[in-house]
Every structure is written in structure tokens, then in C-alpha cells.
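Student: output the structure for:
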Amino acid sequence: MNPSKFIARKLGGEGAENGHLSKISNRIAWISVAISVGVMIIAVMIVAGFKSEIREKAVGFSGAINLVAPGQVSINEKYPSSDSISFRKEILDIKGVNSLHSVAYCSGLLKTNDNIQGVYFKGVDPFYDFSFFKSALVEGHIPDYNGRIGNDIMISKRLANKLGYKLGDSMVAYFIGNELKVRKFTICGLFDAQLEEIDMTHVIVDKRHVQRLNGWKKDQVSAIEVNIDANCDIESTGKAVASIIYEYSTKEDSPFFVLPVTRIYSHLFDWLALLDFNVLIVLILMMAVAGFNMISALLIILFEKISMIGLLKSLGMTNWSVVKVFLYRAFHIVKKGLLWGNAVAVLFYFIQKYFKVITLNPENYFVKYVPVKLDIASLLIIDVISMAVIMLILMLSSIFVSRVSPDKTLRVE
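Tutor: Residues are numbered from 1 along each chain as shown. Predicted structure coming up:
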């Protein structure tokens, strides 16, 4: 039998003669640990939620990786590339890559009696992956560009409100180049991406319209979008795509430059990186608060049990064995705090995920409510690190125990 563990169990068991102050300090300690751990887990869940939501929006609209002409961006209407590539199969064989879709862009103006708005017309074909737009669609339907060139156009709800358009309205667009060109479209769907840069500046049309407006051939496009799994790393997959292009491209292929969405919307991903730093500060502060509150509780227990410490040492227990008695007791307090902290955090996750009680202004935060994402691995890592850090901090109690003298403390009541 482990004597230190046995004494610790008796010390914290039912009917144990703990002082009133000790009981209060124990309660404060585990509540402090619970609050600290709960705040840490909630902070990590919220940041993970923001990352997932914003990545989904950016990738859903522009693709995770874009293949563009060297020196150009994906929104390119002057230097087309051919989408007849010889290495399509090799890219699709990369783990995590789902599909490739060619798109064409041109710029134009939408004008009403009271407003004028410059936008980019994103041309897509019938094989384009509309999964993101289906999830963001608020009115109408997804355009169908099979058969003859379609005049259906899909715009954002925010842009429609600004220009005074409604679902089913006709929209006149002006394209300014060497000569003025005018096209008439019918609004078939309204989406809400909640990203102002997309909502106010991008509309979806038939790719063949854009190619004609740009004076391009049927196989000439602005970019080729590469869609990947949500759990795939964008940067590493982009490097794999670049290696395929370098290894398998032929003289007949257009030259391509790999442009990940993290660079297309760099300001969004830089903001997410800043959130990571803020969460790190929160984690450090919460661990420090929990650790020092535990030290306070443990020191109160040590002062109340100073006579017991002297007695144990006089009976031959080493300083380390005596320290372990109180570390075992502290471990049970921390464990209780961790369990309650985890329970509160998980409860918050389900309430926020399904009831969305905490809302946000999408113009500032890109989402209508606080997003949360529960990662069991991250939760366990927080628990393990919190336990380890707090217990290491509590090792400071060994300094107090080593200075207790049995001949003086046995007389203390």
C-alpha cells in the first residue's frame, strides 16, 4: 500500500477533520480550476470555429488552390490560360484533392437609377461545384448552365439590397473595353457569403458569356480552381500541386503559377493568425490563475496540518513522501476542477452550436453568430497540459515541507 496515497485519501474523505478555512480554500481552488479550464477550452473552440467558417467561405468561393498565369492573380481578364492540361489526372490523384474547375473573370458595372456598382463577373460551367453556394443560398435557385448560353445570374443579398434588385428582376450590366458592351441578365438566386469582399464585388454568370466578352476561345480561362478536403492543409497541398506541374507539364500546356487561397485572402488568414496569438495569451493567463489559486489552497492546508507534517516526519517519513500526501490531495482537487470545466465547456458548445445564442455583426466578424468547433484531441491536450503545469507549480510546496521541524511543530495544536 502507498502510505502517502492512503493518508491523502483519509485527509480528503468524508468525515475528515479539515478546518473551515481549508474547506473554503478547497472549494475556491477547484472552482478556479474549473473556470480557467472552461475558459481555455471555450477560447480554443471559438478560434477553431472561426478558422473553419472563414476557411469554408474563402475556399468555397475561390477554391483552395488556384492555378493562374505567371505573375497574375485569379481575377485575370487579360492573360488567359488554356484549361486543356495534361496533368489533370496526376493532380486529382493527390491525397485530399477532390476536383478541378476552370473559371473565367471579367469586370463590369451594374447600374440603376440611383446606384452604380463595379463588380467582377465570375464565369462558371455546368460542372462547377456549387456546394458552397447551395449552403449560402437565401433565395431562388442555383443557375443551370447546361445547353445554350444562360442569362441567369446569381448575386449576393447584400448587393441586391444596395441596388434595389429582387429575385427574378432583370439586370443590365455594362462592360467597358475598346468598346462599350451591354448584357442583360435575370437574377435567379441570392446568396449570403457574409464576406463583404465577395458579397459586394462578385457575381456568378455563365462562363461562355465571360469568354465572349473577353474575346477568348472556349478553352481559355482566368484560373483553374483546385478543391480539397476540409481537413487538408492548403499550403502543403499547394506545394504538392506545384511539384506535379513542374514534373508533368509539357510544351503544349500553359505555364501555371500555384496561388493558394491563403494568399488571395491574406488579410482574413492574417486575422486568424492574430486570434491564435490572443488565445495563447488567454491560455497562459488562465493556467497561471488556476496554478496560483491551487498554491494558495494547498498552503492553507499545509498550515492547518503543520502538526501532522511534524508527526509524519518524526515517524520516519521523508520530505518527499510527506509532499506526495498533499500532492495527491491537490490532484483530486484539480481533477474535480477539470471535470467541471470540461462539462461547462461542452455544454456551452452544444448550446451555441444548435441555438446560436451569442450573435455577431457579420460586417465586422464575417459570421452572424459565434462559431464553435469541438476537437476532442485539443480538449484532451488542454486537460493534460493544465494538469501537468498546475502540479508542477504545486511542487513548490516541497520547499515549505522541507523546512518543517518535527520538534517544534508537534507542540502546535
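Student: from now on I want contacts and neighbour counts done on CA atoms only, so please keep to that.
Tutor: Fine.
Student: spatially central residue in this protein, please.
Tutor: With distances taken as C-alpha atoms, centre = their mean, the residue of the chain nearest its centroid is residue 51 (2.1 Å).
Student: pretty sure it sits against residue 270.
Tutor: No - with contacts counted by C-alpha atoms under 8 Å, residue 51 stays clear of residue 270, the gap being 11.0 Å.
Student: neighbours around residue 235, how many?
Tutor: Neighbourhood size, residue 235 [other C-alpha atoms under 10 Å]: 16.
Student: what residues sit buried inside the helix or strand where residue 274 lies?
Tutor: Per DSSP states H and E, residue 274 falls inside helix 266-304. When neighbours are counted by 16 or more other C-alpha atoms under 10 Å, the buried residues of helix 266-304 are found to be 268-269, 272, 275-276, 279, 282-283, 286-302, 304.
Student: go on, stretch 109-129?
Tutor: Burial within stretch 109-129, assessed by neighbour count using 16+ other C-alpha under 10 Å, is assigned to 109, 118-125, 129.
Student: same list (those) but as JSON lines, adding secondary structure, pLDDT and distance to residue 336.
Tutor: Rendered in JSON lines, the data for these read as follows (DSSP: H, G, I helix; E, B strand; the rest coil; pLDDT from 0 to 100; distance: C-alpha to C-alpha, whole Å):
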{"residue": "109", "secondary structure": "strand", "pLDDT": "94", "distance to residue 336": "62"}
{"residue": "118", "secondary structure": "strand", "pLDDT": "93", "distance to residue 336": "59"}
{"residue": "119", "secondary structure": "strand", "pLDDT": "95", "distance to residue 336": "57"}
{"residue": "120", "secondary structure": "strand", "pLDDT": "95", "distance to residue 336": "56"}
{"residue": "121", "secondary structure": "strand", "pLDDT": "96", "distance to residue 336": "57"}
{"residue": "122", "secondary structure": "strand", "pLDDT": "96", "distance to residue 336": "55"}
{"residue": "123", "secondary structure": "strand", "pLDDT": "96", "distance to residue 336": "57"}
{"residue": "124", "secondary structure": "strand", "pLDDT": "96", "distance to residue 336": "56"}
{"residue": "125", "secondary structure": "coil", "pLDDT": "94", "distance to residue 336": "57"}
{"residue": "129", "secondary structure": "coil", "pLDDT": "93", "distance to residue 336": "48"}
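Student: from those, pick the one nearest residue 181.
Tutor: In terms of C-alpha to C-alpha, no member of these lies closer to residue 181 than residue 109, at 10.5 Å.
Student: list the contacts of that closest one.
Tutor: Each residue near residue 109 by C-alpha atoms under 8 Å, 6 or more residues apart in numbering is listed here: 116-119, 173-175.
Student: tell me where the protein has strands.
Tutor: 65-68, 81-82, 97-111, 116-124, 137-140, 152-156, 170-176, 180-191, 202-206, 220-221, 223-228, 257-260 (DSSP state E).
Student: for residue 367, find the nearest of these.
Tutor: Put simply, out of the strands of the chain the one that sits nearest residue 367 is strand 180-191, at 13.9 Å, with distance taken as C-alpha to C-alpha.
Student: chain center to stretch 294-305: distance?
Tutor: Taking the mean of its C-alpha atoms, stretch 294-305 sits 40 Å from the chain's own mean (C-alpha atoms, centre = their mean, to the nearest Å).
Student: for the residue nearest to residue 259 when sequence neighbours are not counted, name its beta-bridge partners.
Tutor: Ranked by C-alpha to C-alpha, 6 or more residues apart in numbering and with sequence neighbours excluded, the top spatial neighbour of residue 259 is residue 66, at 5.0 Å. Applying DSSP bridges to residue 66 yields these beta-bridge partners: residue 225, residue 259.
Student: against residue 173, how distant is residue 66?
Tutor: If you measure residue 66 against residue 173 using C-alpha to C-alpha, to the nearest Å, the figure is 27 Å.
Student: show me which of those two is the more surrounded one.
Tutor: When neighbours are counted by other C-alpha under 10 Å, residue 66 comes out ahead of the other of residue 66 and residue 173, with 28 against 20.
Student: residues contacting that one?
Tutor: Taking C-alpha under 8 Å, 6+ apart as the contact definition, residue 66 lies against 74, 223-226, 258-261.
Student: in the residues you listed, which has the lowest confidence score?
Tutor: In terms of pLDDT, the lowest of the contacts of residue 66 is residue 74, showing 86.
Student: is it true that that residue touches residue 222?
Tutor: Yes - A contact is recorded between residue 74 and residue 222 when judged using C-alpha under 8 Å, the distance being 6.2 Å.
Student: picking that back up, just say which of the strands of the chain is most tucked in.
Tutor: strand 65-68 (a mean of 27; mean count of other C-alpha atoms under 10 Å).
Student: now it: average pLDDT?
Tutor: Per-residue pLDDT values over strand 65-68 give a mean of 96.
Student: gap between it and the chain center?
Tutor: Averaging C-alpha positions (C-alpha atoms, centre = their mean) puts strand 65-68 23 Å from its chain's average.
Student: do stretch 383-399 as well
Tutor: Using C-alpha atoms, centre = their mean, the offset of stretch 383-399 from its chain centre is 30 Å.
Student: got it, and stretch 179-194?
Tutor: Once both centres are worked out by C-alpha atoms, centre = their mean, stretch 179-194 turns out to sit 32 Å from its chain's centre.
Student: what lies in contact with that stretch?
Tutor: Identification of contacts with stretch 179-194 by C-alpha under 8 Å, 6+ apart yields 57, 133, 136-143, 151-158, 160, 166-175, 199, 213, 362-363, 366-368.
Student: tell me which of the strands of the chain lies nearest to residue 349.
Tutor: Counting by C-alpha to C-alpha, residue 349 lies closest to strand 137-140 out of the strands of the chain; the figure is 25.6 Å.
Student: how about that closest one as CSV, C-alpha atoms only?
Tutor: Only the C-alpha atoms of strand 137-140 are listed here, as CSV (Å, rounded to 0.1, in the frame of the first residue of the first chain):
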residue,chain,number,x,y,z
LEU,A,137,-28.3,30.5,-50.9
VAL,A,138,-31.0,32.5,-49.2
GLU,A,139,-33.5,32.9,-52.1
GLY,A,140,-34.0,31.4,-55.5
